[in-house]
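> Just a sequence and a predicted model for now, questions to come.
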Amino acid sequence: MSPAVPTAPIAPLSLTRSDGGVLTLDGSRCVIMGILNLTPDSFSDGGLLTDVTAALRHAERLVSEGAAILDFGAESTRPGARLLSVDEEWQRLRPVVEALPTLQLPAVLSIDTRHAETARRVHELGFRLLNLAFPQHLFSQALDDPQAAALDQPSRHALLRGFDGIVVMHSRGTPASMRELTDYDGDLCETVEAELSLAARMLTDDSPSLLSRILYDPGLGFAKTAEQSLTLLRETASLRRSLGRPILVGASRKSMWGALTSQPVASRLIPSVIGAAFAASCGADIVRVHDVAETKQALVVARALSLGRHGP
(Lines give C-alpha, C1' and ligand atoms only; values in the text may rest on other atoms or scores of the structure.)
Protein backbone atom coordinates (compact mmCIF):
# COMPACT_ATOMS: atom_id res chain seq x y z
CA MET A 1 0.00 0.00 0.00
CA SER A 2 1.37 3.36 -0.99
CA PRO A 3 1.64 6.13 1.61
CA ALA A 4 -1.41 8.34 1.85
CA VAL A 5 -1.64 11.02 -0.81
CA PRO A 6 -2.05 14.52 0.64
CA THR A 7 -5.74 15.36 0.49
CA ALA A 8 -6.70 18.36 -1.61
CA PRO A 9 -8.65 20.91 0.44
CA ILE A 10 -12.38 21.10 -0.23
CA ALA A 11 -15.26 22.83 1.52
CA PRO A 12 -16.64 20.55 4.27
CA LEU A 13 -19.95 18.83 3.53
CA SER A 14 -22.25 18.05 6.46
CA LEU A 15 -24.80 15.24 6.23
CA THR A 16 -27.58 14.77 8.78
CA ARG A 17 -27.78 11.31 10.35
CA SER A 18 -30.97 9.40 11.12
CA ASP A 19 -30.52 10.07 14.85
CA GLY A 20 -30.15 13.82 14.32
CA GLY A 21 -26.37 13.85 14.56
CA VAL A 22 -24.12 15.16 11.80
CA LEU A 23 -21.47 13.48 9.68
CA THR A 24 -19.00 15.96 8.19
CA LEU A 25 -16.86 15.13 5.19
CA ASP A 26 -13.82 17.37 5.42
CA GLY A 27 -10.99 15.26 4.04
CA SER A 28 -9.71 14.25 7.45
CA ARG A 29 -10.65 10.59 6.98
CA CYS A 30 -12.52 8.20 4.72
CA VAL A 31 -15.88 6.89 5.92
CA ILE A 32 -17.69 3.67 5.03
CA MET A 33 -21.00 3.44 3.19
CA GLY A 34 -22.65 0.08 3.79
CA ILE A 35 -24.74 -1.41 0.97
CA LEU A 36 -28.27 -2.71 1.53
CA ASN A 37 -29.67 -4.18 -1.68
CA LEU A 38 -33.38 -4.89 -1.45
CA THR A 39 -33.28 -6.65 -4.80
CA PRO A 40 -33.66 -10.23 -6.00
CA ASP A 41 -31.18 -9.75 -8.86
CA SER A 42 -28.18 -7.65 -7.79
CA PHE A 43 -24.87 -9.00 -9.08
CA SER A 44 -23.51 -9.79 -5.60
CA ASP A 45 -26.15 -10.11 -2.89
CA GLY A 46 -29.50 -10.17 -4.68
CA GLY A 47 -32.31 -11.87 -2.80
CA LEU A 48 -30.61 -11.90 0.60
CA LEU A 49 -32.64 -9.13 2.27
CA THR A 50 -36.22 -9.67 1.08
CA ASP A 51 -37.48 -10.09 4.66
CA VAL A 52 -38.10 -6.78 6.48
CA THR A 53 -36.81 -7.97 9.83
CA ALA A 54 -33.65 -9.36 8.25
CA ALA A 55 -33.06 -6.09 6.39
CA LEU A 56 -33.45 -3.98 9.52
CA ARG A 57 -31.15 -6.24 11.54
CA HIS A 58 -28.61 -6.07 8.72
CA ALA A 59 -28.77 -2.27 8.79
CA GLU A 60 -28.12 -2.28 12.54
CA ARG A 61 -25.24 -4.71 12.11
CA LEU A 62 -23.57 -2.63 9.41
CA VAL A 63 -23.69 0.45 11.63
CA SER A 64 -22.30 -1.49 14.59
CA GLU A 65 -19.45 -2.67 12.34
CA GLY A 66 -18.51 0.85 11.33
CA ALA A 67 -20.78 2.09 8.55
CA ALA A 68 -21.32 5.85 8.78
CA ILE A 69 -23.74 5.80 5.81
CA LEU A 70 -26.31 3.21 4.76
CA ASP A 71 -27.13 3.09 1.05
CA PHE A 72 -30.48 1.49 0.20
CA GLY A 73 -31.34 0.37 -3.30
CA ALA A 74 -34.05 -1.76 -4.88
CA GLU A 75 -33.17 -1.72 -8.58
CA SER A 76 -30.21 -3.67 -9.88
CA THR A 77 -27.86 -1.68 -12.12
CA ARG A 78 -25.72 -4.67 -13.15
CA PRO A 79 -25.13 -4.94 -16.92
CA GLY A 80 -28.25 -6.27 -18.61
CA ALA A 81 -30.55 -5.70 -15.61
CA ARG A 82 -34.22 -4.92 -16.18
CA LEU A 83 -35.27 -1.38 -15.31
CA LEU A 84 -38.01 -1.02 -12.70
CA SER A 85 -40.98 1.31 -12.61
CA VAL A 86 -41.41 3.62 -9.64
CA ASP A 87 -44.16 1.37 -8.28
CA GLU A 88 -42.02 -1.76 -8.51
CA GLU A 89 -39.09 -0.05 -6.83
CA TRP A 90 -41.27 1.36 -4.06
CA GLN A 91 -42.91 -2.00 -3.42
CA ARG A 92 -39.49 -3.40 -2.57
CA LEU A 93 -38.34 -0.38 -0.56
CA ARG A 94 -41.41 0.66 1.37
CA PRO A 95 -41.65 -2.02 4.10
CA VAL A 96 -38.02 -1.45 5.10
CA VAL A 97 -37.61 2.30 4.73
CA GLU A 98 -40.86 3.08 6.54
CA ALA A 99 -39.60 1.13 9.57
CA LEU A 100 -36.13 2.73 9.60
CA PRO A 101 -36.96 5.97 11.48
CA THR A 102 -37.88 4.00 14.61
CA LEU A 103 -34.32 2.65 14.82
CA GLN A 104 -32.73 6.13 15.13
CA LEU A 105 -29.49 4.80 13.68
CA PRO A 106 -26.33 6.93 14.07
CA ALA A 107 -25.80 6.87 10.32
CA VAL A 108 -26.73 8.91 7.26
CA LEU A 109 -29.48 7.29 5.20
CA SER A 110 -28.81 7.24 1.45
CA ILE A 111 -31.09 6.21 -1.41
CA ASP A 112 -29.64 4.69 -4.58
CA THR A 113 -32.24 5.43 -7.25
CA ARG A 114 -32.91 7.07 -10.61
CA HIS A 115 -36.55 7.86 -9.83
CA ALA A 116 -37.43 11.33 -8.54
CA GLU A 117 -40.64 10.08 -6.92
CA THR A 118 -38.73 7.46 -4.92
CA ALA A 119 -36.32 10.15 -3.76
CA ARG A 120 -39.20 12.37 -2.64
CA ARG A 121 -40.79 9.57 -0.64
CA VAL A 122 -37.67 8.52 1.25
CA HIS A 123 -36.73 12.14 1.96
CA GLU A 124 -39.91 12.35 4.02
CA LEU A 125 -38.60 9.37 6.01
CA GLY A 126 -35.29 11.01 6.91
CA PHE A 127 -33.01 10.15 3.98
CA ARG A 128 -30.51 12.94 3.41
CA LEU A 129 -28.11 11.59 0.79
CA LEU A 130 -29.28 11.10 -2.80
CA ASN A 131 -27.13 8.59 -4.69
CA LEU A 132 -28.12 9.04 -8.33
CA ALA A 133 -27.48 5.85 -10.29
CA PHE A 134 -28.02 7.61 -13.63
CA PRO A 135 -28.06 11.38 -12.88
CA GLN A 136 -28.64 12.38 -16.50
CA HIS A 137 -32.09 10.82 -16.38
CA LEU A 138 -33.40 13.63 -14.16
CA PHE A 139 -32.71 16.24 -16.84
CA SER A 140 -32.92 14.35 -20.14
CA GLN A 141 -35.05 11.73 -21.86
CA ALA A 142 -32.23 9.20 -21.94
CA LEU A 143 -34.25 6.11 -21.05
CA ASP A 144 -36.88 4.26 -23.00
CA ASP A 145 -39.06 4.47 -19.91
CA PRO A 146 -42.07 6.80 -19.61
CA GLN A 147 -41.62 6.95 -15.82
CA ALA A 148 -38.10 8.32 -16.20
CA ALA A 149 -39.35 11.63 -17.58
CA ALA A 150 -36.95 14.52 -17.16
CA LEU A 151 -37.88 17.02 -14.46
CA ASP A 152 -38.29 20.70 -15.21
CA GLN A 153 -35.90 23.05 -13.45
CA PRO A 154 -38.15 24.10 -10.51
CA SER A 155 -39.13 20.50 -9.75
CA ARG A 156 -35.56 19.29 -10.01
CA HIS A 157 -34.22 22.04 -7.76
CA ALA A 158 -36.95 21.43 -5.17
CA LEU A 159 -36.07 17.74 -5.09
CA LEU A 160 -32.32 18.31 -4.78
CA ARG A 161 -32.63 20.97 -2.07
CA GLY A 162 -34.20 18.38 0.20
CA PHE A 163 -30.92 16.47 0.40
CA ASP A 164 -27.73 17.47 2.20
CA GLY A 165 -25.63 15.61 -0.37
CA ILE A 166 -26.12 14.51 -3.98
CA VAL A 167 -23.89 11.81 -5.47
CA VAL A 168 -23.34 12.23 -9.20
CA MET A 169 -22.01 8.96 -10.61
CA HIS A 170 -20.32 8.70 -13.97
CA SER A 171 -22.29 6.44 -16.29
CA ARG A 172 -23.27 6.12 -19.90
CA GLY A 173 -26.41 4.66 -21.40
CA THR A 174 -28.43 2.16 -19.39
CA PRO A 175 -27.63 -1.21 -17.79
CA ALA A 176 -28.61 -2.81 -21.09
CA SER A 177 -26.29 -0.67 -23.24
CA MET A 178 -23.40 0.48 -21.06
CA ARG A 179 -21.09 -2.43 -21.98
CA GLU A 180 -20.97 -1.06 -25.52
CA LEU A 181 -20.09 2.49 -24.41
CA THR A 182 -16.51 2.06 -23.21
CA ASP A 183 -14.76 4.08 -25.93
CA TYR A 184 -13.22 7.25 -24.47
CA ASP A 185 -11.57 9.84 -26.69
CA GLY A 186 -8.22 11.05 -25.44
CA ASP A 187 -7.36 10.77 -21.76
CA LEU A 188 -9.78 8.54 -19.80
CA CYS A 189 -9.60 10.50 -16.56
CA GLU A 190 -9.98 13.87 -18.25
CA THR A 191 -13.01 12.60 -20.16
CA VAL A 192 -14.65 11.18 -17.03
CA GLU A 193 -13.94 14.41 -15.14
CA ALA A 194 -15.46 16.49 -17.93
CA GLU A 195 -18.56 14.30 -18.18
CA LEU A 196 -19.05 14.28 -14.40
CA SER A 197 -18.70 18.04 -14.23
CA LEU A 198 -21.14 18.51 -17.10
CA ALA A 199 -23.68 16.17 -15.49
CA ALA A 200 -23.48 18.09 -12.21
CA ARG A 201 -23.89 21.46 -13.93
CA MET A 202 -26.86 20.26 -15.97
CA LEU A 203 -28.44 18.62 -12.93
CA THR A 204 -28.12 21.77 -10.82
CA ASP A 205 -28.29 24.38 -13.61
CA ASP A 206 -25.06 25.78 -12.14
CA SER A 207 -26.83 26.75 -8.91
CA PRO A 208 -24.04 27.44 -6.38
CA SER A 209 -26.15 26.24 -3.45
CA LEU A 210 -26.80 22.91 -5.17
CA LEU A 211 -23.29 22.49 -6.56
CA SER A 212 -22.00 22.81 -2.99
CA ARG A 213 -23.88 19.58 -2.14
CA ILE A 214 -22.37 17.49 -4.93
CA LEU A 215 -20.19 14.43 -4.38
CA TYR A 216 -18.68 12.55 -7.32
CA ASP A 217 -18.46 8.83 -8.03
CA PRO A 218 -16.26 7.76 -10.99
CA GLY A 219 -18.64 4.84 -11.61
CA LEU A 220 -16.22 1.91 -11.64
CA GLY A 221 -17.69 -0.80 -13.84
CA PHE A 222 -20.30 1.47 -15.41
CA ALA A 223 -19.42 1.77 -19.10
CA LYS A 224 -15.85 0.90 -18.10
CA THR A 225 -13.66 -2.08 -18.87
CA ALA A 226 -11.79 -3.68 -15.97
CA GLU A 227 -8.63 -1.89 -17.05
CA GLN A 228 -10.41 1.45 -17.24
CA SER A 229 -11.92 0.94 -13.78
CA LEU A 230 -8.49 0.17 -12.32
CA THR A 231 -7.05 3.26 -13.98
CA LEU A 232 -9.75 5.46 -12.45
CA LEU A 233 -9.21 3.90 -9.04
CA ARG A 234 -5.49 4.68 -9.27
CA GLU A 235 -6.37 8.28 -10.19
CA THR A 236 -8.69 8.89 -7.21
CA ALA A 237 -6.49 11.69 -5.86
CA SER A 238 -6.33 13.39 -9.26
CA LEU A 239 -10.11 13.15 -9.71
CA ARG A 240 -10.72 14.69 -6.30
CA ARG A 241 -8.22 17.47 -6.91
CA SER A 242 -9.63 18.31 -10.35
CA LEU A 243 -13.30 18.15 -9.40
CA GLY A 244 -12.85 19.91 -6.04
CA ARG A 245 -15.58 17.90 -4.32
CA PRO A 246 -15.77 14.78 -2.12
CA ILE A 247 -15.23 11.50 -3.94
CA LEU A 248 -17.15 8.26 -3.40
CA VAL A 249 -15.52 5.05 -4.64
CA GLY A 250 -17.56 1.88 -5.13
CA ALA A 251 -15.34 -1.09 -6.02
CA SER A 252 -16.81 -3.76 -3.75
CA ARG A 253 -16.93 -7.25 -5.34
CA LYS A 254 -16.94 -5.78 -8.85
CA SER A 255 -15.96 -7.52 -12.08
CA MET A 256 -12.63 -5.71 -12.21
CA TRP A 257 -11.49 -7.95 -9.34
CA GLY A 258 -12.81 -11.00 -11.13
CA ALA A 259 -10.79 -10.04 -14.20
CA LEU A 260 -7.66 -9.75 -12.05
CA THR A 261 -8.09 -12.82 -9.84
CA SER A 262 -10.46 -15.09 -11.83
CA GLN A 263 -12.54 -15.36 -8.64
CA PRO A 264 -16.36 -15.37 -8.58
CA VAL A 265 -18.28 -12.62 -6.82
CA ALA A 266 -18.48 -14.50 -3.52
CA SER A 267 -14.68 -14.81 -3.36
CA ARG A 268 -13.70 -11.19 -3.95
CA LEU A 269 -13.45 -10.03 -0.33
CA ILE A 270 -9.67 -9.62 -0.27
CA PRO A 271 -9.34 -7.54 -3.46
CA SER A 272 -12.38 -5.50 -2.42
CA VAL A 273 -10.94 -4.46 0.94
CA ILE A 274 -7.54 -3.80 -0.60
CA GLY A 275 -9.23 -1.61 -3.19
CA ALA A 276 -11.14 0.28 -0.50
CA ALA A 277 -7.98 0.85 1.54
CA PHE A 278 -6.15 2.03 -1.57
CA ALA A 279 -8.96 4.44 -2.42
CA ALA A 280 -8.88 5.81 1.12
CA SER A 281 -5.10 6.26 0.94
CA CYS A 282 -5.63 8.28 -2.26
CA GLY A 283 -8.09 10.65 -0.60
CA ALA A 284 -11.49 9.05 -1.19
CA ASP A 285 -14.02 10.51 1.23
CA ILE A 286 -16.41 7.53 1.09
CA VAL A 287 -15.97 3.90 0.14
CA ARG A 288 -19.17 2.01 -0.72
CA VAL A 289 -18.87 -1.62 0.37
CA HIS A 290 -20.72 -4.83 1.15
CA ASP A 291 -18.25 -6.03 3.81
CA VAL A 292 -18.17 -3.30 6.43
CA ALA A 293 -16.33 -5.01 9.30
CA GLU A 294 -13.48 -6.20 7.09
CA THR A 295 -13.22 -2.85 5.32
CA LYS A 296 -13.13 -1.04 8.65
CA GLN A 297 -10.13 -3.10 9.72
CA ALA A 298 -8.38 -2.45 6.42
CA LEU A 299 -8.93 1.31 6.69
CA VAL A 300 -7.66 1.40 10.28
CA VAL A 301 -4.48 -0.49 9.34
CA ALA A 302 -3.90 1.55 6.17
CA ARG A 303 -4.33 4.80 8.07
CA ALA A 304 -1.96 3.71 10.84
CA LEU A 305 0.67 2.72 8.26
CA SER A 306 0.34 6.00 6.37
CA LEU A 307 0.58 8.08 9.56
CA GLY A 308 3.26 5.95 11.17
CA ARG A 309 1.09 5.72 14.27
CA HIS A 310 -2.36 4.67 15.43
CA GLY A 311 -4.84 7.41 16.18
CA PRO A 312 -7.55 9.73 14.85
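Perfect, I can see it now. Numbering: from 1, shown residues only.

> Pull the number of nearby residues for L211.
Burial measure for L211: 17 neighbouring residues, criterion other Cβ atoms under 10 Å. In short, each C-beta sits where N, CA and C put it, glycine included.

> Give the closest residue to it in space, chain neighbours not counted.
Among residues not flanking L211 along the chain, T204 sits closest, at 5.3 Å (Cβ to Cβ, 6 or more residues apart in numbering).

> and the residue nearest to L203 when sequence neighbours are not counted, how many neighbours?
Excluding the flanking residues, the one nearest L203 by Cβ to Cβ, 6+ apart is P135, at 5.4 Å. When neighbours are defined as other Cβ under 10 Å, P135 has 24 of them.

> My understanding was that P135 contacts S197; is that so?
No: look at P135 against S197 with Cβ atoms under 8 Å: they stay out of range, at 11.8 Å.

> so how far is stretch 220-234 from its chain's centroid?
Centre-to-centre, stretch 220-234 and its host chain are 15 Å apart (Cα atoms, centre = their mean, to the nearest Å).

> in it, what's buried?
Neighbour counts using 16 or more other Cβ atoms under 10 Å place 220-226, 228-233 of stretch 220-234 among the buried residues.

> Then stretch 155-173?
The neighbour-count check on stretch 155-173 (16+ other Cβ under 10 Å) flags 156-157, 159-160, 163-173 as buried.

> same check, this time on stretch 259-271
Going by 16+ other Cβ under 10 Å, stretch 259-271 has these buried residues: V265, R268, L269, P271.

> ok now do the third one, which residues does it touch?
Meaning L269. By Cβ atoms under 8 Å, 6 or more residues apart in numbering, L269 lies in contact with R253, D291, E294.

> which residues of this protein fall in helices?
For the chain, applying DSSP state H gives helices covering 52-65, 86-97, 116-123, 153-161, 188-204, 208-211, 226-234, 236-243, 255-261, 269-281, 292-307.

> Just tell me which of those ends up closest to G27.
Checking the helices of the chain against G27 by Cβ to Cβ gives helix 236-243 as the closest, at 8.6 Å.

> Just give me how far that closest one sits from the chain centre.
In terms of Cα atoms, centre = their mean, the gap separating the centre of helix 236-243 from the centre of its chain is 16 Å.

> and the angle from it to helix 226-234?
In terms of direction (axes from the mean of the first three to the mean of the last three Cα atoms, to 10 degrees), helix 236-243 departs from helix 226-234 by 70 degrees.

> Show me the contact partners of helix 236-243.
Under Cβ under 8 Å, 6+ apart, the answer for helix 236-243 is 5, 7-8, 10, 189, 192-193, 196-197, 216, 218, 232, 246-247, 249, 279, 282-285.

> repeat that for 6 Å
Under the criterion Cβ atoms under 6 Å, 6 or more residues apart in numbering, residues V5, A8, E193, Y216, P218, I247, A279, C282, G283, A284 lie in contact with helix 236-243.
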